[in-house]
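In: Build me a model:
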Amino acid sequence: AHGGATAPFDSRTLWRRDGGRAPLPLAGKPVLAFMLNGAQGDDDESYGGHFAVATGRFGPAGEWDNWLVNNFYSLASVSEKGIVASILPMDAYMGDLNSGQAWYRPSYMLVAVLKDQRAPALYQEAISRVFNHFYRQDFHYRHASTNCAGINVETLRTLGWKIPRLGGESPLKAAVALPYMAFKEVSLASGQSAYDYLKTERTELLPFVAFNTIAEDLLTRLAVPGRAGSEQLEAQLGQDLEALLFVRIPQFPSSRAFGSEPVMSLHEYQQRAPANHADWKIVPVAPRVLPASFRDAAAPSERKPPSVLATWLWFGFAAVAGAALVARLRRRRTPSR
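Out: Numbers count the residues shown, from 1 in each chain. From the prediction side, this is the model:
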């Protein structure tokens, strides 16, 4: 029940290279871990869950409290839970009072156990640079296009891991949703948001999809000798992967409502959330304005969301259609000679 929120802590080995059944020696082993946090039980905006990537080494007794977790959240608002986007130890990410993930939802972790630290080190160096650009406001957190899953997955792909792409949930619906939601909500921003949600690559939009796709690619491709590509990160993982572990982490019992598993699709999100948006349980948050001095004037311009181009295309289509309609009406009104 509740996606494992009330179930006991559990871990199991999904795959190991040596095929052995004896306890897997983990002490000192480097890891690249993928964290999926579930949906909250008291916030209808949280059904998508959260995604993060961690690096580190197992301790002498299998400890993983000091792994570094790369936690992306919006910097434009003050989190009601006190969360600030940052690189922080796993014990703080999961257990900090109020801001720790385990206080308000169940979590699931996929751990790639490696024989060498080069892949985690490569990722950690790259994502640290991404954080620098994030705090410099070279790009902004966008729930529909540049979120916790998208930032991490795009970084992994840039480093050479060809994580399979699944495409947007419904590009055709996206094209229709833009004008429909804009007129329905009397808000161009609502139309653009609907377009971006439906058009964005699913592994970069939904944490559960990113988690599942990464797990499947590791199990069915990178764990198979000779199937990994030659690009840097993918080649390193293919050569260094020793085992894959799955960990289920329950929610801490407290006064908070129990969470559940995250959704796998936007359709599932719509089914789970109240039909009337006015009935959604939402915790209002205050805006946060970062100092302008953080900005790097020499940084390239931020990439615009896909909906910006789609908006101009719709305006162009409307202008052409309008001009054609006016011309047709004029021809009808012109008396024949």
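In: got any ranges where the stretch 1-150 of the chain has weak pLDDT?
Out: Along the stretch 1-150 of the chain, the model assigns pLDDT under 70 to no residue.
In: all helices of it, in order?
Out: Ranges of helices in the stretch 1-150 of the chain, per DSSP state H, counting those that start in this stretch, are 90-95, 118-135, 148-158.
In: so who does the residue nearest the centre of the chain touch?
Out: The chain has Ala149 as the residue nearest its centroid, 1.8 Å off, counting by C-alpha atoms, centre = their mean. By C-beta atoms under 8 Å, 6 or more residues apart in numbering, the contact list for Ala149 reads 51, 203-207, 209-210. Placement of C-beta: from N, CA and C, glycine included.
In: Please repeat the previous calculation with a cut-off of 6 Å.
Out: 51, 204, 207, 210 (C-beta atoms under 6 Å, 6 or more residues apart in numbering).
In: phi, psi of the third one?
Out: Spelled out, that is Pro207. phi -50, psi -40 (degrees, to the nearest 10).
In: So for Arg21, which of the helices of the stretch 1-150 of the chain sits nearest?
Out: Closest to Arg21 of these, according to C-beta to C-beta: helix 118-135, at 26.3 Å.
In: list the buried ones in that closest one?
Out: Within helix 118-135, the residues that qualify as buried are 118-120, 122-124, 127, 130-131, 134, counting by 16 or more other C-beta atoms under 10 Å.
In: how about the CA coordinates for it, as CSV?
Out: Taking Å, rounded to 0.1, in the frame of the first residue of the first chain, the C-alpha atoms of helix 118-135 are listed here in CSV:
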residue,chain,number,x,y,z
ARG,A,118,36.0,6.9,-13.1
ALA,A,119,32.3,6.9,-14.2
PRO,A,120,30.9,8.4,-11.0
ALA,A,121,33.8,10.9,-10.9
LEU,A,122,33.1,11.9,-14.5
TYR,A,123,29.4,12.5,-13.8
GLN,A,124,30.1,14.4,-10.5
GLU,A,125,32.5,16.7,-12.2
ALA,A,126,30.1,17.4,-15.0
ILE,A,127,27.0,17.9,-12.8
SER,A,128,29.0,20.3,-10.5
ARG,A,129,29.6,22.5,-13.5
VAL,A,130,25.8,22.3,-14.3
PHE,A,131,25.1,23.5,-10.8
ASN,A,132,27.4,26.4,-11.3
HIS,A,133,25.5,27.4,-14.4
PHE,A,134,22.2,26.8,-12.6
TYR,A,135,23.1,29.2,-9.7
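In: Quick one: list the elements packing against it.
Out: With contacts taken as 3 or more C-beta pairs under 6 Å, 6 or more residues apart in numbering; DSSP states H and E, helix 118-135 sits against strand 30-37, helix 148-158, helix 232-240.
In: Would you tell me which of the ones you listed gets closest to Val326?
Out: Evaluated with C-beta to C-beta, the helices and strands packed on helix 118-135 place helix 148-158 nearest to Val326, the distance being 42.4 Å.
In: mind listing what's buried in that closest one?
Out: 148-157.
In: swap in stretch 167-174?
Out: Going by neighbour count (16+ other C-beta under 10 Å), the buried part of stretch 167-174 is 168-170, 173-174.
In: partner residues bridging Met109?
Out: Listed by DSSP bridges, the beta-bridge partners for Met109 are Met35, Val247.
In: Contact partners for it?
Out: Each residue near Met109 by C-beta under 6 Å, 6+ apart is listed here: 33, 35, 247.
In: Out of the buried residues of stretch 167-174, name the ones that lie in strands.
Out: Among those, no residue falls in strands (DSSP state E).
In: In a markdown table: these, plus pLDDT and distance to Gln232.
Out: Shown next, in a markdown table, are the buried residues of stretch 167-174 (pLDDT from 0 to 100; distance: C-beta to C-beta, whole Å):
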| residue | pLDDT | distance to Gln232 |
| --- | --- | --- |
| Gly168 | 94 | 28 |
| Glu169 | 90 | 31 |
| Ser170 | 88 | 34 |
| Lys173 | 90 | 37 |
| Ala174 | 90 | 34 |
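In: Same list (those residues) but as CSV, adding distance to Gln239.
Out: Compiled in CSV, these are given as follows (distance: C-beta to C-beta, whole Å):
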residue, distance to Gln239
Gly168, 33
Glu169, 35
Ser170, 38
Lys173, 42
Ala174, 40
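In: returning to that earlier point: going by distance to Trp161, which of the contacts of Met109 wins?
Out: Ala33 (14.6 Å).
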